[in-house]
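Trainee: Generate a structure from the sequence data that follows.
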Amino acid sequence: MILRFIFIAVALVLGACAQPPAGPVSHDRVVLLPGSDGTTGAVIVRQGGSQARIDQAYASARAAPDGGLEVTQADPAQVRAEFAGALSAMPPAPLSFIVYFVFGQDELTDESRKELAPVLQDITRRVAPEVTVIGHADQAGPERVNDTLATRRAERVKELLVQRGVRAERIVAVGRGSREPAVRAAEGVAEARNRRVEISVR
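Mentor: Alright, predicted model coming up:
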């Protein structure tokens, strides 16, 4: 999860875990934003000798007149209006996509070919996209064969993205063989949901 909050006077901070710097604070405000999936992490806010933990979407902490902390719930619409400039400067949240493959091949299924369009749309809206492509195989074949096949699938997706205009140096492609199945299946079972490539765009 990427933790998102606005630290107002006016700094915008993104991180997996974060704290505003210690020391005197005056008229500052921290607002915790929900992630793209609606979930939030938590932030510890310190002011003088006071400390508060905020862990709800749009929870807000600011310096109180007595030097302590005042914790409230901000109005989402007001936050979006008041800090439109800071919010528009935030990079898009990372997104993940999954495409599936024909048994024993590095060819996408017909349905998954259509799924490349939203992947490309997300890549093009980012200023400096980073794309990770991870190939997988089901457990129907020997491990050595699955390793090769998973890598070929990842490289195939990279090739398709490059053909559509994505710069090759923006894409990292790796194979995981059959070691990380999406669905647990018995050894030797051909499970379609494990014949996949996971695409992460950030």
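Trainee: Could I get the CA-only coordinates of the helix ranked longest in the chain as CSV?
Mentor: Under DSSP state H, the helix in the chain containing the largest number of residues is helix 143-163. Extracted C-alpha coordinates of helix 143-163, given in CSV (Å, rounded to 0.1, in the frame of the first residue of the first chain):
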residue,chain,number,x,y,z
GLU,A,143,10.1,-26.9,-13.6
ARG,A,144,12.8,-26.2,-16.2
VAL,A,145,10.2,-25.9,-19.0
ASN,A,146,7.9,-23.7,-16.8
ASP,A,147,10.8,-21.3,-16.1
THR,A,148,11.5,-20.9,-19.8
LEU,A,149,7.9,-20.5,-20.6
ALA,A,150,7.2,-17.9,-17.9
THR,A,151,10.2,-15.8,-19.1
ARG,A,152,9.0,-16.0,-22.7
ARG,A,153,5.6,-14.8,-21.6
ALA,A,154,7.0,-11.8,-19.8
GLU,A,155,9.2,-11.0,-22.8
ARG,A,156,6.2,-11.4,-25.1
VAL,A,157,4.2,-8.8,-23.2
LYS,A,158,7.2,-6.5,-23.1
GLU,A,159,7.5,-6.9,-26.9
LEU,A,160,3.8,-6.1,-27.4
LEU,A,161,4.1,-2.9,-25.3
VAL,A,162,7.2,-1.7,-27.1
GLN,A,163,5.4,-2.3,-30.4
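Trainee: helices or strands up against that helix?
Mentor: helix 116-124, strand 131-135, strand 171-175, strand 196-201 (3 or more C-beta pairs under 8 Å, 6 or more residues apart in numbering; DSSP states H and E). Placement of C-beta: from N, CA and C, glycine included.
Trainee: hmm, 10 Å instead?
Mentor: strand 95-100, helix 116-124, strand 131-135, strand 171-175, strand 196-201 (3 or more C-beta pairs under 10 Å, 6 or more residues apart in numbering; DSSP states H and E).
Trainee: Which elements pack onto the third one?
Mentor: To tie it back to what came earlier, the one meant is strand 131-135. Going by 3+ C-beta pairs under 10 Å, 6+ apart, strand 131-135 lies up against strand 95-100, helix 116-124, helix 143-163, strand 171-175, strand 196-201.
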